[in-house]
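Undergrad: Below is the sequence, then the predicted model.
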Amino acid sequence: MPRPEIEGDWVMGWPDRKRAVINAGKDAQGRVINGRAPVTQLEGLLTPTDAYYVVNQLEVPEPIHPDDWVLQIGGLVERPIEMSLKDLMKLPGRTVRAVTECAGNDAGFFDYQQRKAKKPSRINQQDMQARAAQRETNAVPSTDAISNESTTTCAVSAGEFTGVPLAEVLKKVGLKSNAVSVRFQGFDRGQPDLAVQYRSVGRADFKLVDPGVINYEKGMPLAKAMHPDTLLAWSMNGEWLTHIHGAPVRVVTPGWSGNWWVKWLEQIEVLDHIPQCYYQHHYFTYGEGPDDPKKEMITAMGVRNIILNPLDEDSPLERGSHKVQGRAWSGMGTIKRVEVSVDGGKTWHDAHLEEPVERWLWVRWSWLWEVDKPGAYQILARATDETGRVQPQIPWNYQRKHFDGIVPTDVQIL
Ligand SMILES: Nc1nc2c(c(=O)[nH]1)N[C@H]1C(S)=C(S)[C@@H](COP(=O)(O)O)O[C@H]1N2
Ligand SMILES: [Mo]
């Protein structure tokens, strides 16, 4: 009995359903250097590791064997030290399940809402291989080319991370009383890809700050650094962290966008100020434009929500019952409520929130829609978090970071 859904994939010697695969871009050696998660095809809460989205601002570094890796901890501490992975693993550990989301995820929806672009699709995503190839040639696209590209969606995933709270490490070395921030440095080094920065703004007709060759680094305010859920993690989804996700050890900062989750950690430095890191003060900022003197670093995500069923691509639909489904998460805590509207926002219905509803994870929600009248419908969903924040929280900003607007599904009922 041949069944297409179990053809193709064999797992431990047995036929299995086809697995959702990452939409990836590879380098000349066939190694994945970027990727988008198949968010519309995944059930459950956690994203399988090989389907987890991948973003790198610089070159992916050569791997370091965990036995050869050391973490330097210095700056404004009483006892500067170097720790091996084994040393770190002796400290009291912690596991956190959290959404990782790139700050630029769904950026194109800002333009769609301003009627400057068509609605991005989570199914027909960007061609990541084309982007990877462009990166290899270092070509800077024109403003026209950028505005014709589909923008990033599906740069979001959820995982389970095991490691040690950074606070435990800082307790061990002893913070000095004038500590203000913790600077994390990755061992990846390179020159930021100008094309990536221009894409983030959506045009290429201005001059960028070029920092030259740098390490990836971020300077985290002390309060977030000391939060018990801020981890130095060596494990993801029940396995050792993989190289592309930052092995041997990466930073995990639940609620704050992906750029804070420094991979390939090699150095921690405690400072009495917030350092002017490139990826903090020139890129990954809110502001009105590239020359805005009041640019602000981005930190916690807004209130996020995506409808995964039905999608525009499912239209037209038959009359009858349809399960309206999606996922919601927030940068500031648990999702408390999701409401659905099928009349363009005139009336709202409470959706069912599927347990578990965890602080840093996304929550699966659903609402059963009985529809017996043909016509055009606009389905909306809006989420509220435990701090009372309702979508949307984040206004347009020139880099289109942290989009958290309400995006309708438009469907025709036959
Ligand atoms: N060292 C280092 N860490 C990094 C980056 C990087 O380029 N270098 N990119 C950041 C960005 S912008 C994102 S969105 C996340 C992506 O993490 P992932 O590839 O494991 O999903 O890593 C962050 N950590
Ligand atoms: Mo990112």
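TA: Okay, I see it. None of the values given here were measured: they were computed from a predicted structure. Residues are numbered from 1 along each chain as shown. Ligands and ions are numbered 1, 2, ... in the order given.

Undergrad: pretty sure Ala167 belongs to a helix, no?
TA: Yes: judged by DSSP: H, G, I helix; E, B strand; the rest coil, Ala167 forms part of a helix.

Undergrad: for Lys263, helix, strand, or coil?
TA: Recorded secondary structure, Lys263: coil (three-state DSSP).

Undergrad: Could you pull up the contacting residues of it?
TA: By CB atoms under 8 Å, 6 or more residues apart in numbering, the contact list for Lys263 reads Asn56, Gly186, Asp188, Tyr216, His245, Gly246, Arg250, Val251. C-beta: built from backbone N, CA, C; applies to glycine.

Undergrad: Looking at those, which are in strands?
TA: The members of the contacts of Lys263 that map onto strands under DSSP state E are Gly186, Asp188, Tyr216, Arg250, Val251.

Undergrad: want to throw these into TSV with distance to Gln391?
TA: Shown next, in TSV, are the ones in strands among the contacts of Lys263 (distance: CB to CB, whole Å):
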residue	distance to Gln391
Gly186	32
Asp188	34
Tyr216	30
Arg250	29
Val251	27
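
Undergrad: Can you narrow these down to the ones near ligand 1?
TA: Gly186, Asp188, Tyr216 (CB under 6 Å from any ligand atom).

Undergrad: Could you give the number of residues near the residue of the chain found nearest ligand 2?
TA: Residue of the chain nearest ligand 2, by CB to the ion: Cys102 (3.3 Å). By the criterion of other CB atoms under 10 Å, Cys102 has 23 neighbours.

Undergrad: How about it: what's its closest non-neighbour residue?
TA: Ala155 (3.7 Å; CB to CB, 6 or more residues apart in numbering).

Undergrad: That neighbour and Gly258 touch, don't they?
TA: Yes: assessed by CB atoms under 8 Å, Ala155 is found in contact with Gly258 at 7.4 Å.

Undergrad: all strands of the stretch 201-350 of the chain, in order?
TA: Using DSSP state E, counting those that start in this stretch, the strands of the stretch 201-350 of the chain run over 214-221, 231-236, 239-240, 250-252, 265-271, 285-286, 296-297, 303-309, 320-330, 335-341, 349-350.

Undergrad: The second one vs ligand 1: in contact?
TA: No: between strand 231-236 and ligand 1, judged by CB under 6 Å from any ligand atom, nothing touches; the nearest distance is 8.3 Å.

Undergrad: between the ones next to ligand 1 among the ones in strands among the contacts of Lys263, which has the most around it?
TA: Tyr216 (26 neighbours).

Undergrad: What is the nearest of the ones in strands among the contacts of Lys263 to Pro316?
TA: Arg250 (44.5 Å; CB to CB).

Undergrad: For the spatially most central residue of the chain, which residues count as its bridge partners?
TA: Centrality entry for the chain: nearest residue to the mean C-alpha point is Glu101, 1.3 Å, by CA atoms, centre = their mean. When bridges are called by DSSP bridges, Glu101 pairs up with Val156.

Undergrad: So that it lines up with my notes, have the first residue be 26 from now on.
TA: Renumbered: residue one is now 26, and that last one reads Glu126.
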